[in-house]
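Q: sequence below, structure please.
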Amino acid sequence: MSDHVVFVDGGRIVEEDRPEDVWTPRRGPHQGVPRVVRERVMSAVPGPVVVVGGGVVGLCTADYLAAAGLQVEVVERRRLGSGASRGNAGWVCLSHSTPVPAPGVVRYALRSLGRPDSPLYLRPLPDPAFVRWLWRFRRSSTPAVFRRGYAAIAELNRETFGLFDGLREAGVDTTLTRPGTVHAFLSPAEARHHLAIQREMADGHYPVPDDIVTGAGAHLLDEALSPAVRAAYLVAGEGVVDLEAFARALGEALAASGVKIHENAEVTGFRTAGGRVTALRTADRELPCAAVVAAGMRSPDLLGVLGRHLPLQAGKGYSFSVDLDPAPRHTLYFGERRAVASPIGGTTRIGGTMELSGNNKPSRLAPCRRGRPRRPALPGPLVRRPGRPGRPDPGPLGGRPFLPDGLPVIDRVPGHDNAFAATGHGMLGVTLGPVTGHRLAEYVVTGRRPEALVPFRFDRLRS
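A: Prediction:
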């Protein structure tokens, strides 16, 4: 037994004789939070907990906070799911939950210079902040740093599919299916190399096959693959969601539970006093609140108001939809092209490309929309010929927020008892959305940082 300390509005609430494990990994009305704690937290908060950002991370965080019994509001500057969630490939996967700065990625990025059709395209800018970010990215791509980051994400991911199940049981239409992921390659040697690395890194967190399938039979793993595929393997159980539909379902569930949602509302800053946020400012009002910032690429501006610099860079990606005949039965990963295909909503969404070129507009919208054969980072001969013409849907994605070590920040904002941040998820926002929301809600309600969030602290960015 130990005291239970809750920091919400800068106050301190102590509950004696608290069981150590009162927070359960399932979403349900007030589940896992002792009633006496919930009532004291609610009485201590002079206004709502406002989640700034209506992407999948922000919406999941709002859902778990509301489930814990807090008064919650969501403020989104456009429409729910309109940022990095828009046009996303929708993967919920363990086998691809890795930090982007990995051994060898810097050499690969340098080879992309002058090649805007490269799957990873680096376009240097005369911007000191961008140069510093690239230098820290390079330092994070060593084997030791990569392994630590991978292990941290894998540990956080332990609850991923269970939390999706809990959301569905609570009435949220997650749209999640788990068809598994087929990894397809033009070269058996490349396939074996990729599988060997994946088997080593999996370390029991997810199942991997013993060997690859080669030759003409490789494409039989999924009929959408063309005979040009010379090697492939299946990682069973990996999932995919229709992210736009999932965001809508979360928004509907939040509204039904009494959460106020403000769309087309730009947050301009905060009012603070005594080490806590007392109000959130928009163009036309102030809202007394505690705050959670989960605003993607907008997070650095907002956190800067609170005196915290966050070195986020936008990772720009692209997607479009195409009607394949036959359509894939699994999610597909094309190893040499670093592109993906997802069966979503009766069509196939092709996604790929990571462009690092500063926090500006994407530079490759025109090639993406011109159509075949010059779409960047696409699977080319690895899929059968489309049955009907492809269509850009929606072209460039919202900038995916990347920190130089490839890990998100999920932490209390230093110097502010009642402000929290959840951003920097990069390409893992869908996979990590529910577990980020669940663990951050635990942190807000209990005042104690969950062990799984230790690697995602603010202070790691000082080094």
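
Q: every contact and neighbour count from this point should use C-alpha atoms.
A: Fine.

Q: CA atoms only: put the helix or strand harbouring residue 132 into PDB for me.
A: Using DSSP states H and E, residue 132 sits within helix 128-139. This file holds the C-alpha atoms of helix 128-139, laid out as PDB (Å, rounded to 0.1, in the frame of the first residue of the first chain):
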ATOM      1  CA  PRO A 128      20.500  25.700 -38.900                       C
ATOM      2  CA  ALA A 129      17.600  24.000 -37.000                       C
ATOM      3  CA  PHE A 130      17.200  21.400 -39.800                       C
ATOM      4  CA  VAL A 131      21.000  20.800 -39.900                       C
ATOM      5  CA  ARG A 132      21.100  20.300 -36.100                       C
ATOM      6  CA  TRP A 133      18.100  17.900 -36.400                       C
ATOM      7  CA  LEU A 134      19.800  15.900 -39.100                       C
ATOM      8  CA  TRP A 135      23.000  15.700 -36.900                       C
ATOM      9  CA  ARG A 136      21.000  14.300 -34.000                       C
ATOM     10  CA  PHE A 137      19.200  12.000 -36.300                       C
ATOM     11  CA  ARG A 138      22.600  10.600 -37.400                       C
ATOM     12  CA  ARG A 139      23.700  10.100 -33.800                       C
END
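
Q: residue 325 contacts residue 224, correct?
A: Yes. If you go by CA atoms under 8 Å, residue 325 and residue 224 touch, sitting 7.1 Å apart.

Q: compare these two and say which is more crowded by neighbours.
A: A count of neighbours by other CA atoms under 10 Å puts residue 224 above the other of residue 325 and residue 224, at 21 against 14.

Q: the more buried one touches residue 328, doesn't it?
A: Yes. The criterion here is CA under 8 Å, and residue 224 meets it with residue 328 at 4.9 Å.

Q: can you show me the strands along the stretch 351-463 of the chain?
A: Ranges of strands in the stretch 351-463 of the chain, per DSSP state E, counting those that start in this stretch, are 386-396, 400-402, 409-412, 419-423.

Q: how far out from the middle of the chain is the third one?
A: Averaged C-alpha coordinates place strand 409-412 at 14 Å from its chain's average position (CA atoms, centre = their mean, to the nearest Å).

Q: could you do the shortest one as well?
A: On the basis of CA atoms, centre = their mean, strand 400-402 sits 9 Å off its chain's mean C-alpha point.

Q: ok, that strand: who's next to it in the sheet?
A: Here strand 400-402 has these sheet partners by DSSP bridges: strand 313-324 (antiparallel).

Q: roughly how far out does the partner strand sit from the chain middle?
A: On CA atoms, centre = their mean, the centre of strand 313-324 falls 15 Å from that of its chain.

Q: name the nearest residue to residue 425, sequence neighbours excluded.
A: residue 408 (4.7 Å; CA to CA, 6 or more residues apart in numbering).

Q: output the lengthiest helix in the chain in CSV with nothing but the alpha carbons.
A: Longest helix of the chain, by residue count under DSSP state H: helix 429-446. Presented in CSV, the C-alpha positions along helix 429-446 are these (Å, rounded to 0.1, in the frame of the first residue of the first chain):
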residue,chain,number,x,y,z
GLY,A,429,0.5,7.1,-34.6
VAL,A,430,-2.1,4.5,-35.5
THR,A,431,-0.3,1.6,-33.8
LEU,A,432,0.6,3.6,-30.7
GLY,A,433,-2.6,5.8,-30.5
PRO,A,434,-4.6,3.7,-28.1
VAL,A,435,-1.7,2.8,-25.8
THR,A,436,-0.4,6.4,-25.8
GLY,A,437,-3.9,7.6,-24.8
HIS,A,438,-4.3,4.8,-22.2
ARG,A,439,-0.9,5.3,-20.5
LEU,A,440,-1.1,9.1,-20.6
ALA,A,441,-4.5,9.1,-19.1
GLU,A,442,-3.1,6.9,-16.3
TYR,A,443,-0.3,9.5,-15.8
VAL,A,444,-2.8,12.4,-15.7
VAL,A,445,-5.2,10.6,-13.2
THR,A,446,-2.6,9.0,-10.9
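
Q: tell me what it is packed against?
A: strand 2-6, helix 56-67, strand 91-92, helix 160-169, strand 409-412, strand 419-423 (3 or more CA pairs under 8 Å, 6 or more residues apart in numbering; DSSP states H and E).

Q: returning to that earlier point: distance-wise, check the residue nearest to residue 425 relative to residue 244.
A: Between residue 408 and residue 244 the computed distance is 22 Å (CA to CA, to the nearest Å).

Q: and what of residue 277?
A: With CA to CA as the criterion, residue 277 and residue 244 are 31 Å apart.

Q: how about the strands in the stretch 51-200 of the chain?
A: So, for the stretch 51-200 of the chain - with DSSP E, counting those that start in this stretch - the strands run 72-75, 91-92, 120-122, 181-185.

Q: out of those strands, flag the one nearest residue 145.
A: strand 120-122 (20.5 Å; CA to CA).

Q: one step back: looking at residue 408 and residue 244 now, which is surrounded by more residues?
A: residue 408 (28 against 20).

Q: show the pLDDT at the more buried one.
A: Looking at residue 408, its pLDDT stands at 96.

Q: would you check that it makes contact with residue 429?
A: No. Residue 408 is beyond contact range of residue 429, at 9.3 Å (criterion: CA under 8 Å).

Q: still on that earlier bit, just list the residues touching the residue nearest to residue 425, thanks.
A: 402, 422, 423, 424, 425, 426, 456 (CA atoms under 8 Å, 6 or more residues apart in numbering).

Q: just the element for residue 251, please.
A: Counting by DSSP H and E, residue 251 is part of helix 243-256.

Q: if we go by neighbour counts, what in that helix is buried?
A: 243, 244, 246, 247, 248, 249, 250, 251, 253, 254 (16 or more other CA atoms under 10 Å).

Q: just send the residues you listed back as TSV, with distance to residue 229 too.
A: Shown next, in TSV, are the buried residues of helix 243-256 (distance: CA to CA, whole Å):
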residue	distance to residue 229
243	29
244	31
246	32
247	35
248	37
249	37
250	38
251	41
253	43
254	44
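
Q: which one of those is nearest to residue 97?
A: residue 243 (17.3 Å).

Q: what number of residues are in the vicinity of the closest residue to residue 257 other than its chain neighbours?
A: For residue 257, ignoring the flanking residues on the chain, the nearest one in space by CA to CA, 6+ apart is residue 66 at 7.7 Å. Other residues lying near residue 66 total 22 when counted by other CA under 10 Å.
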